[in-house]
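Participant: no FASTA, just this:
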């Protein structure tokens, strides 16, 4: 057995026995190597092995820490947690929305209409569905061409189809350094290497993209970014469009949360000739019944349609017909407006309970940079012991060991009184110490 694995086994035994506690910081690698009589490269492999086993987590500029809990199953965000209060996943289902949606679907339940709706449908859907989708996705002065709209089973499949269309196996896709975890899983399955691009308070940094080296495409969330909650201002969108044009780079814009900021022009309005706009019904409606949308520049429509077909990512006809009914009857617009009001109400609660969190007030999630005494993994474990599920920054980090000391709080799922009580618990927890875990 390699020497580094023997040393890693010894540290693992210390963790299992409690001699190394959750949240403990391991010595800097050079000091560890010196104390153990190891080469620096061997010490690095020991720490890498602990991270690989899920026993430790690295934080940029801070070091390597003993992990407080087992890592989440891959892909992250796959299933709701078992905690009583779910602040891990975003799925806003309003109390009256099912009744609204059911009423709009009544015409689909006639025998003749339902029979037609149960037949297969292609990626292009129907003319009526494309027109309805174009109306749904319109933002300000940007309205997609109905002929450019394609349908998938959900937003994840739309993202997968777009990546597969532009990034061959073994090639590189640029993404924000903290990104939607499903994109990491999709890229892994497609054999695509992710290249993390730095962000700041305004979103992805165009100069960092220009300096990243050759990539085949860019995936970006400019509106209500997940997990940071930021919305890219117009000037930054213009700068990013200019860099993408200079690099001749296809851009995959994930617009899943844009319905909460219907006053923001999508990035596709700044670079229409090179942007594939991706959206779905999962946040507007619910994860249980959804359809995904792809809006491609005319030159790429056939290419995207072929990718949808080859990946078996096409939508069911019933889902497309249901979405069309909800759009043309105005039902979906009413649900969207209600969710914007709901998000605003929750924003007030968040600001009252945990002031100063990072993120757009219209967002259903917030980014929390934790107090110095806490490590993200330890804090998530402590919250779970109090019945609250959160996600650590590591779930979103493209590079292992490059996660900031932060957590994402998703605020859409619990009733507002439950949310308020949970935030009180988290505030009290943050004001305490990890040592308090030993007294639980």
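Facilitator: That came through, no problem. Note that this is a predicted model, so its numbers are computed, not measured.

Participant: quick one: contacts of stretch 340-355?
Facilitator: Residues from elsewhere that reach stretch 340-355 (C-beta atoms under 8 Å, 6 or more residues apart in numbering): 92, 94, 259-260, 262, 357, 361-364, 366, 368, 409, 411-412, 416, 419-420, 423-424, 426-427. For every residue, glycine as well, the C-beta is placed using N, CA and C.

Participant: I'd like the average pLDDT over it.
Facilitator: In this model, stretch 340-355 has a mean pLDDT of 96.

Participant: same thing with stretch 306-324?
Facilitator: Averaging pLDDT along stretch 306-324 yields 91.

Participant: quick check: buried residues in the strand or helix carrying residue 185?
Facilitator: Assigned by DSSP states H and E, residue 185 belongs to helix 181-190. By 16 or more other C-beta atoms under 10 Å, the buried positions in helix 181-190 come out as 181, 182, 183, 184, 185, 186, 187, 190.

Participant: ok, and what's touching that helix?
Facilitator: Residues contacting helix 181-190 (C-beta under 8 Å, 6+ apart): 74-77, 156, 159-160, 163-164, 167, 169, 173, 175, 192-194, 219, 395-396, 398.

Participant: which PyMOL command selects the buried ones in those?
Facilitator: Entered in PyMOL, the line below selects the buried ones among the contacts of helix 181-190, by 16+ other C-beta under 10 Å:
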select buried, resi 75+76+77+156+159+160+163+164+167+173+175+192+194+219+395+396+398
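
Participant: need the next SSE after the lowest-mean-pLDDT helix or strand in the chain, C-terminal direction.
Facilitator: Comparing every helix and strand of the chain by mean pLDDT, DSSP states H and E singles out helix 111-117 as the least confident one, with a mean of 65. Next along the chain after helix 111-117, taking DSSP H and E as the criterion, comes helix 127-137.

Participant: who touches stretch 92-107?
Facilitator: Stretch 92-107 is contacted by residues 113, 283, 285-286, 322, 325-326, 329, 331, 334-335, 338-339, 342-343, 364, 412-413 when judged by C-beta under 8 Å, 6+ apart.

Participant: what pLDDT, on average, does the helix holding residue 185 get?
Facilitator: In the prediction, helix 181-190 has an average pLDDT of 95.

Participant: how far does that helix sit from its chain's centre?
Facilitator: 11 Å (C-alpha atoms, centre = their mean, to the nearest Å).

Participant: ok, stretch 189-206 next?
Facilitator: Its chain's average C-alpha position is 12 Å from that of stretch 189-206, according to C-alpha atoms, centre = their mean.

Participant: can you give me the buried ones in that stretch?
Facilitator: Quick answer for stretch 189-206 (16+ other C-beta under 10 Å): 190, 192, 194, 195, 196, 197, 199, 202, 203, 204, 205, 206.

Participant: I'd say the fifth one and residue 400 touch.
Facilitator: To tie it back to what came earlier, the one meant is residue 196. No: checked against C-beta atoms under 8 Å, the pair residue 196 and residue 400 is beyond contact range at 11.2 Å.

Participant: hmm, back to that, give me the subset of the contacts of helix 181-190 that lies in strands.
Facilitator: Of the contacts of helix 181-190, the ones assigned to strands by DSSP state E are 173, 175, 193, 194, 219.

Participant: returning to what we had before: the contacts of stretch 92-107 in helices, which ones?
Facilitator: When those are checked against helices (DSSP state H), the matches are 113, 322, 325, 326, 331, 334, 335, 338, 339, 342, 343.

Participant: excluding its backbone neighbours, what's nearest the fifth one?
Facilitator: What it means is residue 331. Of all residues not flanking residue 331 in the chain, residue 104 sits nearest, at 4.2 Å (C-beta to C-beta, 6 or more residues apart in numbering).

Participant: that's a helix at that neighbour, yeah?
Facilitator: Yes: assessed with DSSP: H, G, I helix; E, B strand; the rest coil, residue 104 lies in a helix.

Participant: residue 127 and residue 146 touch, don't they?
Facilitator: Yes: the criterion here is C-beta under 8 Å, and residue 127 meets it with residue 146 at 7.4 Å.

Participant: the more surrounded of those two?
Facilitator: residue 146 (17 against 10; other C-beta atoms under 10 Å).

Participant: check contacts around the more buried one.
Facilitator: 127, 130, 131, 133, 134.

Participant: one more time with 10 Å, if that's ok
Facilitator: 125, 127, 128, 129, 130, 131, 132, 133, 134, 135, 295 (C-beta atoms under 10 Å, 6 or more residues apart in numbering).

Participant: from residue 367, how far out is it?
Facilitator: According to C-beta to C-beta, to the nearest Å, residue 146 stands 36 Å off from residue 367.

Participant: just the buried ones out of the contacts of stretch 340-355, please.
Facilitator: Buried subset of the contacts of stretch 340-355 (neighbour count, 16+ other C-beta under 10 Å): 92, 259-260, 357, 362-364, 366, 368, 409, 411-412, 419-420, 423, 426.

Participant: in helices, which of these appear?
Facilitator: By the criterion of DSSP H, membership of these in helices covers 419, 420, 423, 426.

Participant: pLDDT and distance to residue 150 added to the residues you listed, as JSON lines?
Facilitator: Formatted as JSON lines, these follow (pLDDT from 0 to 100; distance: C-beta to C-beta, whole Å):
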{"residue": "419", "pLDDT": "96", "distance to residue 150": "36"}
{"residue": "420", "pLDDT": "96", "distance to residue 150": "41"}
{"residue": "423", "pLDDT": "97", "distance to residue 150": "40"}
{"residue": "426", "pLDDT": "96", "distance to residue 150": "41"}
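
Participant: tabulate these (TSV), appending distance to residue 22.
Facilitator: Below are these laid out as TSV (distance: C-beta to C-beta, whole Å):
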residue	distance to residue 22
419	27
420	28
423	23
426	18
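
Participant: where does the prediction get shaky in the stretch 51-200 of the chain?
Facilitator: Within the stretch 51-200 of the chain, the stretches with pLDDT under 70 are 59-61, 68-83, 111-120.

Participant: rewinding a little: which one of the buried residues of stretch 189-206 sits closest to residue 7?
Facilitator: Nearest to residue 7, judged by C-beta to C-beta, of these is residue 196 at 29.3 Å.

Participant: tell me what that closest one is bridged to.
Facilitator: Beta-bridge partners recorded for residue 196 (DSSP bridges): residue 175.

Participant: that one reaches residue 178, doesn't it?
Facilitator: Yes: under the criterion of C-beta atoms under 10 Å, residue 196 makes contact with residue 178 at 8.2 Å.

Participant: pull out the buried members of the contacts of stretch 92-107.
Facilitator: 283, 285-286, 322, 325-326, 329, 331, 335, 338-339, 342-343, 364, 412-413.

Participant: how far away is residue 350 from residue 202?
Facilitator: In terms of C-beta to C-beta, residue 350 sits 21 Å off from residue 202.

Participant: so what pairs up with residue 407 in the strands?
Facilitator: Beta-bridge partners of residue 407, counted by DSSP bridges, are residue 368, residue 392.
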